[in-house]
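Peer 1: need a 3D model of the sequence below.
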Amino acid sequence: MAKAIVTLKIMPEDPGQDLDRITKDAEEKIVGFAGDTEHKVEREPIAFGLVAVMIKFVVDESKGGTDSLEEEINTIEGVNSVEVTDVRRIIG
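Peer 2: Numbers count the residues shown, from 1 in each chain. Down below sits the predicted model:
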């Protein structure tokens, strides 16, 4: 089966949230979903001190959709919302 790169945008509830803890918890849930896979974490300033956590990771397409992963990450304390902003098939 082919692999895909998924980009998640995790929005904290407010600017005072611990983004390091949110990132660590999200990475653990991604490993549970996709296995120990390559991933990259970035932070994207939004407005008024609010910063989103952007996580790109590789997943096998046989996993299907990411709805269950999004629901799990949304249960992390301090997370307001999670959305998939991009999915791309890996060629090669």
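
Peer 1: did I read that right, residue 53 in a helix?
Peer 2: No: per DSSP: H, G, I helix; E, B strand; the rest coil, residue 53 lies outside any helix segment and is strand.

Peer 1: what is the neighbour count of it?
Peer 2: Using other C-beta atoms under 10 Å, residue 53 is surrounded by 23 other residues. To be clear about C-beta, it is placed using only N, CA and C from the backbone, and glycine gets the same treatment.

Peer 1: surely residue 41 meets residue 23?
Peer 2: Yes: in terms of C-beta atoms under 8 Å, residue 41 counts as a neighbour of residue 23; the distance is 5.7 Å.

Peer 1: find the residues that touch each one of those two.
Peer 2: Shared contacts of residue 41 and residue 23, defined by C-beta atoms under 8 Å, 6 or more residues apart in numbering, are found at 53, 55.

Peer 1: so how far is the longest helix seen in the chain off the chain centroid?
Peer 2: Ranked by number of residues, the top helix in the chain under DSSP state H is helix 19-34. Per C-alpha atoms, centre = their mean, to the nearest Å, the displacement of helix 19-34 from the mean C-alpha position of its chain is 7 Å.

Peer 1: equivalent analysis for stretch 31-49, please.
Peer 2: Distance, centroid of stretch 31-49 to centroid of chain: 5 Å (C-alpha atoms, centre = their mean).
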